[in-house]
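Asks: My questions are about this predicted structure, shown below with the sequence.
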Amino acid sequence: MPAKKDPANVDHGDNFFVVTKYPGQNVTLEPQAMMGFSLRDGSTIDVIVDGKSFPMYHKGQGGWLENAAQEPALIAAMKAGRTMSVKATSARGTNTTHTYSLIGITAALNKISACQ
């Protein structure tokens, strides 16, 4: 869950950033943004770690990397970084930023990687 949501004066709903593994489906670690609001058609979700942007497309309220080959680079950036920002535009046109702490992410991802 985000540590900070901007702008503070709007209802953001429940927002999450998850990394999943699907054993047996050849999906190692897949990052996904889960937004608590509808997103503007044609917009992207921008995930930013240490100044490097990872654009995501969205379907419904979920977002996935536009280029799946960038998944390992985003995971590595998350492990090396301290904070991550997720920027998106709501269907109403509100520009939002959710800031996540990355403290403990390496330990959590190591636990996921150990799952069979």
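Replies: Now that the structure is in, tell me what you want to look at.

Asks: could you pull out the strands for the chain?
Replies: Counting by DSSP state E, the chain has strands at residues 4-6, 16-22, 27-34, 45-49, 52-59, 62-65, 83-89, 95-101.

Asks: Reformat those into TSV and put distance to Ile112, mean neighbour count and mean pLDDT next to each item.
Replies: Using the backbone N, CA and C atoms, a C-beta is placed for each residue, glycine as well. Shown next, in TSV, are the strands of the chain (distance: least, C-beta to C-beta, whole Å; neighbours: other C-beta atoms under 10 Å; pLDDT from 0 to 100):
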stretch	distance to Ile112	mean neighbour count	mean pLDDT
strand 4-6	25	15	96
strand 16-22	5	14	87
strand 27-34	7	16	87
strand 45-49	18	21	97
strand 52-59	19	15	96
strand 62-65	17	19	95
strand 83-89	17	19	97
strand 95-101	16	17	97
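
Asks: Select, out of those, the one closest to Ala76.
Replies: Nearest to Ala76, of all the strands of the chain, is strand 45-49, at 9.3 Å by C-beta to C-beta.

Asks: quick one: that closest one to chain centroid distance?
Replies: Between the mean C-alpha location of strand 45-49 and the chain-wide mean there is a distance of 7 Å, by C-alpha atoms, centre = their mean, to the nearest Å.

Asks: likewise stretch 5-19?
Replies: 11 Å.

Asks: ok, now stretch 56-65?
Replies: Distance, centroid of stretch 56-65 to centroid of chain: 9 Å (C-alpha atoms, centre = their mean).

Asks: end to end, how far does it reach?
Replies: 4 Å (C-alpha to C-alpha, to the nearest Å).

Asks: Contacts for it next, please.
Replies: For stretch 56-65, contacts defined as C-beta atoms under 8 Å, 6 or more residues apart in numbering pick out 30-39, 43-47, 54-55, 66, 71, 74, 88.

Asks: Name the nearest residue to Leu39, sequence neighbours excluded.
Replies: Excluding the flanking residues, the one nearest Leu39 by C-beta to C-beta, 6 or more residues apart in numbering is His58, at 5.0 Å.

Asks: Just grab the bridge partners of that neighbour for me.
Replies: In this entry, His58 is beta-bridged to Gly63, by DSSP bridges.
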